[in-house]
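> predicted model follows, preceded by the sequence.
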Amino acid sequence: MALPTDILLTYGYLLIFVWVLVEQLGIPLPSVPVLLAAGALSAQRQISFPAALAVAVAAALSADSVWFFIGRTQGHRVLRLLCRLSLEPTTCVRRTQDSFGRRRGTMLMFAKFVPGLSTLAPPVAGQNGMRYGTFLLYDCIGSSFWVVATMACGRFFGDLLKRNPGLLNWVGRFSGALLILGVVAFFIGRLIRRRMVLNELAASRLEPEELKQQLDAGEPVYIIDLRHPLELVPDPFTLPGAVHFSPDALTTRHQEIPRDRDVVLYCTCPSEATSAKVALQLHKLGVERVRPLRGGFDEWKRLGYPMDAIPPFKTLVPAIEPAG
């Protein structure tokens with residue numbers, strides 16, 4: 001399957017603009033293969049390097065400006081949406097906000113080189129009240145660095161093609177397949193990173209005995225009860241000091257969860273399925289010290305460890321009048 005070099009040559013600048021624009025708007029369609037191809041063709045003088053650079057930077061600035069103004073008007077809502085759609089679980093709103101608070105312009109200049117951060121940085125800048133002119137300056141510098149670096153790699157490859165014309169025919173024949181393989185590798189890489197985070201969460205499961213020791217020692221631990229309300233009816237008890245959270249309410253209540261201590265999640269699902277899913281969501285929202293409780297509520301109860309009665313059910317227990 002040959003990538004139609006004629007199509008790239010005929011619609012090259014339009015293709016570069018649309019592809020970069022789409023990726024920077026948040027759709028996970030990598031534009032790096034297209035920029036590499038543009039750099040390679042510029043070595044053959046079939047595409048102008050400065051023109052391709054200008055088109056790509058214009059596309060990036062257009063998309064980033066849209067996100068900047070959406071972030072200024074919509075704030076946390078759009079950031080939560082972007083975080084939910086992101087395939088990169090280690091990139092989160094809070095981490096982006098922390099980086100912006102410390103470095104601001106520097107973060108914008110290098111955001112394009114960090115997966116996920118490229119889309120999150122502009123709305124965070126808008127939300128934090130950065131002046132649009134200042135944002136545009138730093139974003140233009142960062143976008144230019146990113147496009148130049150990517151196209152320069154393609155230009156180097158294009159120079160090799162000039163020295164070996166036979167290689168050009170081979171690339172023309174298989175470049176379509178190479179482009180598809182590049183896109184597939186992009187998605188596979190992100191899925192692998194996602195799986196690695198899940199494996200880390202599984203390895204970080206907290207043993208009930210360890211949690212009991214922490215509580216006895218008075219260590220600050222934030223415990224979240226993820227059980228459905230109907231599960232509380234037959235067992236109207238919770239772990240000591242636990243806070244009940246609905247998994248669906250995490251996006252609106254995650255600011256209540258402290259970031260300076262261990263956050264322990266428990267449910268009654270086999271293999272802590274709900275806890276693992278919620279832990280992944282919390283990672284995206286910037287809560288990194290998350291540990292699912294092995295065995296959940298059932299294991300804690302089986303071991304006979306202390307529990308607190310849930311307040312609404314306490315009123316069902318009749319008070320005992322003192323004698324005499």
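That came through fine. Residues are numbered from 1 along each chain as shown.
> what are the boundaries of the helices in the stretch 1-150 of the chain?
Counting by DSSP state H, counting those that start in this stretch, one finds helices in the stretch 1-150 of the chain at the ranges 5-10, 12-24, 32-43, 49-74, 76-85, 93-103, 105-110, 117-127, 132-163.
> go on, the stretch 201-324 of the chain?
According to DSSP H, counting those that start in this stretch, the stretch 201-324 of the chain carries its helices in the segments 208-216, 250-253, 273-284, 296-302, 311-314.
> helices and strands around the fourth one, which ones?
Looking back up the chat, that one is helix 296-302. With contacts taken as 3 or more CB pairs under 8 Å, 6 or more residues apart in numbering; DSSP states H and E, helix 296-302 sits against helix 208-216, strand 262-266. Bear in mind the C-beta positions are built from the backbone N, C-alpha and C, glycine included.
> give the buried residues for it.
Neighbour-count burial for helix 296-302, counted by 16 or more other CB atoms under 10 Å, picks out G296, F297, E299, W300, K301.
> report the buried residues of stretch 129-136.
Of the residues in stretch 129-136, those buried (16+ other CB under 10 Å) are M130, F135, L136.
> so the second one touches A125, yeah?
Yes: contact status for F135 versus A125: in contact at 5.0 Å, counting by CB atoms under 8 Å.
> ok so, going back, can you list the helices of the stretch 201-324 of the chain in JSON lines and add distance to G241 and mean pLDDT?
Below are the helices of the stretch 201-324 of the chain laid out as JSON lines (distance: least, CB to CB, whole Å; pLDDT from 0 to 100):
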{"stretch": "helix 208-216", "distance to G241": "8", "mean pLDDT": "93"}
{"stretch": "helix 250-253", "distance to G241": "17", "mean pLDDT": "73"}
{"stretch": "helix 273-284", "distance to G241": "17", "mean pLDDT": "73"}
{"stretch": "helix 296-302", "distance to G241": "13", "mean pLDDT": "89"}
{"stretch": "helix 311-314", "distance to G241": "13", "mean pLDDT": "54"}
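> among those helices, which is nearest F110?
Among the helices of the stretch 201-324 of the chain, helix 273-284 comes nearest to F110, with 21.1 Å by CB to CB.
> which helices and strands does the closest one pack with?
Helix 273-284 packs on helix 165-203, helix 250-253, strand 262-266, strand 290-292, going by 3+ CB pairs under 8 Å, 6+ apart.
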